[in-house]
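# Got a predicted structure plus its sequence, pasted below:
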Amino acid sequence: MFSDPEKVISEMFVAEGMTVADFGSGAGFYTLALAKKVGPYGRVFAIDSHPDFLRRIKNEATRKGLQNVEVIQGNLELKKGSGLVSASVDRIVIANTLFSLENLDEIVLEAKRVIKHDGKVVVIDWNESYGQIGPHPDHVVTKDEAREIFEKEGFHLESFVDAGSHHYGMLYVLTHTPTPGELKNVGYNIEEEQIKHIKSHPDRLE
């Protein structure tokens, strides 16, 4: 019925040593599962506006011997509200968070700011209101609404994620678009360039 953090993480291609951010970490189900996955050389940032949640996450991480968890009290609806350095994380989880926000654009912009080149963002939220277990009907952010916001900011839908029967899940990638003349991060191949040069100047062949 509900999303399984470990199953979702397996679909995010999280590897040991990665740096991951849990946007709107809540009770920390994803934070703790991610901490196990990235291992002692990785880092997980749990970011939430509620200090009580963050204290529980830190205490639980300590109890389980997970020393790679850092908690940040932040407001993801503000510019640079995560407190993270730009282009510093490999993966971002935004789970059961969109419905609780008033300014959705800011969390998407913040994800765009802190994700690395070709980093991935998984978005999970409620399909609809389910009475006592789901958000108020007025607060539901539909899958189409979420797609519009993320894709407007340059995120590309890589795949859908199995998030249980009550939630939708989407995996987005942010691919850097180089400026003219920029070769960094675009797979520049010197041999291909030499071949192009020879084809455009056949008179220079020996």
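All right, it came through fine.
# contacts, neighbours, all on C-alpha from now
Will do.
# Now do the SS call for Ile57.
Under DSSP: H, G, I helix; E, B strand; the rest coil, Ile57 falls in the helix class.
# so what's it up against?
Ala27, Gly28, Thr31, Leu32, Val71 (C-alpha atoms under 8 Å, 6 or more residues apart in numbering).
# For the chain, which segments count as helices?
5-10, 29-38, 51-63, 104-114, 143-152, 190-200 (DSSP state H).
# for those, which one sits closest to Gly83?
Gly83 lies closest to helix 104-114 among those, at 9.5 Å (C-alpha to C-alpha).
# Who are the packing partners of that closest one?
Helix 104-114 is packed against helix 143-152, with contacts defined by 3 or more C-alpha pairs under 8 Å, 6 or more residues apart in numbering; DSSP states H and E.
# Outside of the top strand by length along the chain itself, list whatever touches it.
Longest strand of the chain, by residue count under DSSP state E: strand 115-126. Contact partners of strand 115-126, identified using C-alpha under 8 Å, 6+ apart, comprise 12, 86-99, 111, 134-135, 140-142, 163, 166-176, 185.
# Looking at the helices of the chain, which is nearest to Leu78?
Leu78 lies closest, by C-alpha to C-alpha, to one member of the helices of the chain: helix 104-114, at 6.2 Å.
# Quick check: Ser100 touching His139?
Yes - shown here, Ser100 and His139 form a contact pair, counting by C-alpha atoms under 8 Å, at 6.9 Å.
# Can you dump the C-alpha atoms of stretch 91-105 in CSV for me?
The C-alpha coordinates for stretch 91-105 follow below in CSV (Å, rounded to 0.1, in the frame of the first residue of the first chain):
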residue,chain,number,x,y,z
ARG,A,91,20.7,12.0,-5.4
ILE,A,92,17.7,13.8,-3.8
VAL,A,93,14.6,12.2,-2.3
ILE,A,94,11.4,14.3,-2.1
ALA,A,95,8.9,11.9,-0.6
ASN,A,96,5.5,12.8,0.8
THR,A,97,6.5,16.5,0.9
LEU,A,98,5.0,18.3,-2.1
PHE,A,99,1.4,18.2,-0.6
SER,A,100,2.6,20.0,2.5
LEU,A,101,4.1,23.0,0.6
GLU,A,102,2.6,26.2,-0.6
ASN,A,103,5.5,27.2,-2.9
LEU,A,104,6.3,24.2,-5.0
ASP,A,105,8.5,26.1,-7.4
